[in-house]
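Asks: Sequence and computational prediction follow.
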Amino acid sequence: MDLLNQTVKKIGKLDDEIMEKTRKRVDNLIKPIGSLGKLEDIVVKLSGITKKPFPKVDNKAVIVFAADHGVYEEGVAAYPQEVTVIQTLNFVKGVTGVCALAKQARADVIPVDIGIKEDVKEEGIINRKIKYGTDNMAKGPAMSREEAIKSIEVGIEIAEKEIKKGRNLLATGEMGICNTTPSSAIVSVIGGYAPIEVTGKGANYPEDKLLHKASVIKRAIEINKPDPEDGIDILSKVGGLEIGGMAGVMLAGAANRVPVVVDGFISTAAALIAYKIEPKVKDYLIPSHFSAEKGAIKGSKLLGLRPMLDMDMRLGEGSGAVLAFNIVEAAVYMNNEMITFEEAGINV
């Protein structure tokens, strides 16, 4: 708990003065004001995060947390649980969806075993296993409060290690069969939504079984009674270890003034947990895409963040966040490479 408390205490506000200066310069670049849309907003936000008028995002990584879920035994997934470990091994091989997109974006993929059901001994996978998957949240808490805190602190530790290496742009990714179930539960609890409103098909779960999936989530919430205002309580009762890890990365990014790109639905659920722990973390997050998962838009609205891309994606792994790396980098290039009207000798 000490690391989490210390991290939260370090999270301050964005630098309004530098943001104002950056906005003034961006408005005077050789273009009509506002004509580059969200690119302009992104670079202004980056300047406020980093306290630098010319921020850089040339050292990028996506941290992918892998974990299993006890609620799998309720029949809420279309794929066997063994896929979690298989895909985690594939991250090392560089052959998954996020790996392909990360190569294009010149970003590193950092896989972490934070709670896979099996032992995974493979060079390239960071072993920070807290337990062999969560407990079945439909029968009791997914984990203890102490385990939930530990998952967040693992995320903080790994993010800070990467930041010390010079990372200046991070993203959150995950792997865990049926982890849309706890994500839907988190959004349901925080937003006060009926589970059926935020329960989607995840990894191709049959449409005709969605009522069952929603009923399992409803039962988990009724049994555990998570406090909507206590992010740690929500995480421990209806969350996942990988969700805690991602929340930790977001908190560490904010504490160290490093932007964190949020992936889709599951990462957004993690962002909601981080936000409940410390609301100022929201200012350090860059939402990437509108996930096609049912509860994603509601999750983003709860955060008050509007994603930049609408690609009908729902893979997870951090794939949408890594795709958005290109947009974030484009915003930085706009700021660094364009000249102002004054520099061009044009009076307007």
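Replies: Happy to help now that I have it.
Asks: Buried residues of stretch 55-71, list them for me.
Replies: 55, 57, 59-71 (16 or more other CB atoms under 10 Å). From N, CA and C alone the C-beta is placed, and that goes for glycine too.
Asks: And it, end to end?
Replies: Stretch 55-71 has its terminal residues 43 Å apart, counting by CA to CA, to the nearest Å.
Asks: tell me the helices in this structure, going along the chain?
Replies: Using DSSP state H, the helices of the chain run over 2-10, 16-27, 37-50, 83-93, 97-105, 145-164, 180-191, 210-224, 231-238, 241-255, 265-277, 296-303, 319-337.
Asks: Pick the most deeply packed of those.
Replies: Across those, averaging neighbours per residue (mean count of other CB atoms under 10 Å) puts helix 241-255 on top, at a mean of 32.
Asks: and the angle for it with helix 145-164?
Replies: 50 degrees (axes from the mean of the first three to the mean of the last three CA atoms, to 10 degrees).
Asks: So for helix 241-255, mean pLDDT?
Replies: Averaged across helix 241-255, the pLDDT comes to 99.
Asks: what's the answer for stretch 206-216, then?
Replies: So the average pLDDT for stretch 206-216 ends up being 92.
Asks: gap between residue 292 and residue 193?
Replies: 18 Å (CB to CB, to the nearest Å).
Asks: mind listing what residue 36 touches?
Replies: Contact analysis of residue 36 by CB atoms under 8 Å, 6 or more residues apart in numbering lists residue 334.
Asks: Can you pull the phi and psi angles for it?
Replies: phi -100, psi 20 (degrees, to the nearest 10).
Asks: Point out the one among the helices of the chain that comes closest to residue 174.
Replies: Closest approach to residue 174 among these is made by helix 241-255 (4.4 Å; CB to CB).
Asks: quick revisit: with respect to residue 113, which of the helices of the chain lies nearest?
Replies: So among the helices of the chain, helix 83-93 is nearest, using CB to CB, at 6.5 Å.
Asks: thinking again about what came up before, would you check which pair of the buried residues of stretch 55-71 lies furthest apart?
Replies: 55 and 70 (41.7 Å).
Asks: So what would you say the end-to-end distance of stretch 309-318 is?
Replies: One end of stretch 309-318 to the other measures 14 Å (CA to CA).
Asks: Pull out the buried residues from it.
Replies: By 16+ other CB under 10 Å, the buried positions in stretch 309-318 come out as 309, 311, 313-318.
Asks: pLDDT on that stretch, on average?
Replies: For stretch 309-318, the mean pLDDT works out to 95.
Asks: cool, stretch 83-95 as well?
Replies: Computed over stretch 83-95, the average pLDDT equals 98.
Asks: And for stretch 338-348?
Replies: 91.
Asks: got a pLDDT number for the residue nearest to residue 234 when sequence neighbours are not counted?
Replies: Among residues not flanking residue 234 along the chain, residue 226 sits closest, at 4.4 Å (CB to CB, 6 or more residues apart in numbering). Reported pLDDT at residue 226 in the predicted model: 98.
Asks: was I right about residue 226 contacting residue 233?
Replies: Yes - Residue 226 lies in contact with residue 233 (CB atoms under 8 Å); the separation is 5.3 Å.
Asks: can you list the helices of the chain in TSV and add distance to residue 122?
Replies: What follows is the helices of the chain, written out as TSV (distance: least, CB to CB, whole Å):
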stretch	distance to residue 122
helix 2-10	27
helix 16-27	43
helix 37-50	34
helix 83-93	6
helix 97-105	15
helix 145-164	17
helix 180-191	25
helix 210-224	31
helix 231-238	27
helix 241-255	17
helix 265-277	23
helix 296-303	31
helix 319-337	21
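Asks: Great, nothing more from me.
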